[in-house]
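Asker: With the sequence up front, the predicted model follows.
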Amino acid sequence: MKPVRIVVIAKAPIAGFCKTRLIPALGEQGATQLAQRMLVRTVASALAAGLGTVELCVTPGRQAFDWQGLGLPDGLAWSEQGEGDLGARMGRAAQRVTAGGEAVLLIGTDCPGLDSSRLQSAAAALNNHEVALVPTADGGYALLGLTRFAPALFDAMPWSTDAVAAETRRRVAALDWRLCSLPTLHDIDGPQDLPWLPAELQAGLSTSSQSEPLMCDPNNGQYRPSMFVLLLALTASAAAAAVRVGDFAAAGDTLPAPWKVVQLDKRVPATRYRPLQWEGRAAIEASAHASMALLARPLTVDLQTTPVLCWLWRVDDVLRQADLSRKAGDDYAARVYVAFTLPPESLGVGLRMKLALGRSLYGDLVPDAAVNYVWDNRHPVGTRAFNAYTDRAAMVVQRSGKEQVGRWVSERANVLADAVQAFGELPFKASLLAVASDTDNTGEQARAGFAELHFVAADEPCQFTGAQVP
C-alpha cells in the first residue's frame, strides 16, 4: 500500500475573494466567516484521518496572506497553487505527489460531510483501485483520489458545471483504470446548498438577517433546514430583473451612449460600426475590411445575481482563413467580449507584472481576464482555448460554420461560469462589454449585426423582444 497524502486545495478567506456565490444570502462578512470555518473543519478532519501528510495547497501564497493567523494547527505541509484554471492547479499537485511515490486525495473545503471516516474509506479504496471519487449532489465531486497521474483527468474539464463527475468517470474508463465511487455528499457552494450546512458551522454566523440554527433529525442524523435557511435560499434564488445593456436605437450614424469605438492599435484600420433597423430590429452593424476595433461600453452588472448574457447576432458569412489556434488566424466574423477586473491580491506577482507591461503597450483597457464568445469558421461549438496572443483571454466557440449565416440567431452564455472554468474561482467583477468584427490578421471582409444584449439570472429565460429567432 502506498503512503497517502491529503492535499487540501484552499482559497484564503478574504472578503470578496471566497464564497462569492453565498454573498447574496449571507453578506460578504458572513460568507467570509463561513469560508474560514469550513477551512478549519476540513484541515481538522484531514488530520484526524491519520493517513499521513496533510498538505495545504493555497492561493494566495503565504507571503501574500497570513494563513497562520487563522489558527491552523502546526505540522501541515504547505504549497502554492500557482496560475491557471482549477484543473491546472489540481493537476500540478496530483502529478507532484504521485511522482514522489505517494497516493493523493485531492479535496476542497466546501464539503462539511467529508469527515475523517470518509477520507479513510477513500484511502482504503486506493488499495485496489487507481481512482477514488466522492461525488456531490450538484454533479461535481468533493474528493478525487489517485494512485497514478493522467493529464486527461484535469485538462479541459467543464469545471463548475453538473457534468464534472460524469466526465471524470468517462475519462477514467477511457484510461482503463479502476474507479471506486463512494456515497454522494452535498457541498456548500450557493444559497441553494444552505439546507445542508451543519449547525456548528452556522451558529453565530454573521448574516444580514437574524439566524436560527439548523435542526438535526434524531432518527437518521441528517440535517434538515431551519426556516431561516430556507428563506435565505428562496430569497437569493428569486428571479432578478433582466439587466439590459445593448438595446440599440437607430439615430443616424450616432452610436448610442455609453457605447464607443475602441481602437486598440492605431496602426490597424478600425472596424466601422453604425446603428440601424435590421429586419425590424434595432441593431448595430459591424463592417470590417482588414480591420479591428471594439464597440465597447463600461459594465457594472452583478454577476452573482445575473450571470447569464443573452444576445442576438448574425453574420453575412464566416471567414475563410481564420484559425483561433494561430496568431495569423486570430480573426472572427463576430464576437462578444466580456472583460473583468480582479483584486490585486488574487493575482500572482508575475501576472501583475505581465499585465502592467501589457497596459504600458496597449493602454488601460487590457483586462485582468476576459471571455470571448465567437462565431467561428472551423472549430466545433463548445471549443474552448486561450487566445493565441494571451492566456488572459479565453475563447469560447459559441457558434460555428455557415448553416445559420444571413439570419438572426439567439445566444445564451453563463459568463460567470465560463470565467471560472477558464481562470478558476475568483471574485470576478465585470468591467467591460464589447462586440466586434475582426479581420486585421487575415485581411478578409466581414459584416455582422448585434442586438438585444442583456443579463438574466441563471434560472431565468432570455427576454428577447419582437419576432422569435432560433
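Answerer: Perfect, thanks for sending it. Numbers count the residues shown, from 1 in each chain.
Asker: can you give me the strands in the stretch 151-300 of the chain?
Answerer: Using DSSP state E, counting those that start in this stretch, the strands of the stretch 151-300 of the chain run over 179-181, 215-216, 223-224, 243-246, 260-262, 272-278, 281-289, 294-298.
Asker: Reformat those into CSV and put distance to D438, mean neighbour count and mean pLDDT next to each item.
Answerer: All C-beta atoms are positioned from the backbone trio N, CA, C, and that covers glycine. Formatted as CSV, these follow (distance: least, CB to CB, whole Å; neighbours: other CB atoms under 10 Å; pLDDT from 0 to 100):
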stretch, distance to D438, mean neighbour count, mean pLDDT
strand 179-181, 44, 17, 93
strand 215-216, 57, 13, 36
strand 223-224, 52, 17, 41
strand 243-246, 18, 18, 90
strand 260-262, 12, 15, 91
strand 272-278, 12, 17, 93
strand 281-289, 6, 21, 94
strand 294-298, 9, 20, 93
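Asker: Including distance to P24, could those go into JSON lines?
Answerer: JSON lines is the format used below for these (distance: least, CB to CB, whole Å):
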{"stretch": "strand 179-181", "distance to P24": "33"}
{"stretch": "strand 215-216", "distance to P24": "24"}
{"stretch": "strand 223-224", "distance to P24": "22"}
{"stretch": "strand 243-246", "distance to P24": "15"}
{"stretch": "strand 260-262", "distance to P24": "32"}
{"stretch": "strand 272-278", "distance to P24": "35"}
{"stretch": "strand 281-289", "distance to P24": "32"}
{"stretch": "strand 294-298", "distance to P24": "23"}
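Asker: Tell me which of those strands sits nearest to L194.
Answerer: strand 223-224 (10.4 Å; CB to CB).
Asker: you'd agree Q445 is up against S291?
Answerer: No - judged on CB atoms under 8 Å, Q445 makes no contact with S291 at a distance of 9.1 Å.
Asker: Compare those two (neighbour count), which wins?
Answerer: The residue with more neighbours, out of Q445 and S291, is S291; 22 against 16, by other CB atoms under 10 Å.
Asker: The nearest residue to the more buried one once chain neighbours are set aside: neighbour count?
Answerer: Leaving aside its chain neighbours, S291 sits nearest to P269 (4.2 Å; criterion: CB to CB, 6 or more residues apart in numbering). For P269, the neighbour count with other CB under 10 Å is 16.
Asker: so P269 touches A290, yeah?
Answerer: Yes - P269 lies in contact with A290 (CB under 8 Å); the separation is 6.4 Å.
Asker: Distance check, S79 against L51.
Answerer: Counting by CB to CB, to the nearest Å, the gap from S79 to L51 is 17 Å.
Asker: So for those two, which residue has more residues nearby?
Answerer: More crowded of S79 and L51, by other CB under 10 Å: L51, with 20 against 17.
Asker: where does the more buried one fall, phi/psi-wise?
Answerer: Backbone torsions for L51, taken as degrees, to the nearest 10, come to phi -90, psi -20.
Asker: Report the contact partners of it.
Answerer: Shown in contact with L51 (CB atoms under 8 Å, 6 or more residues apart in numbering): 4-6, 105, 119-120, 123.
Asker: Go ahead and confirm P24 touches P191.
Answerer: Yes - using CB under 8 Å, P24 makes contact with P191 at a distance of 6.4 Å.
Asker: Number of residues surrounding G27?
Answerer: Neighbourhood size, G27 [other CB under 10 Å]: 17.
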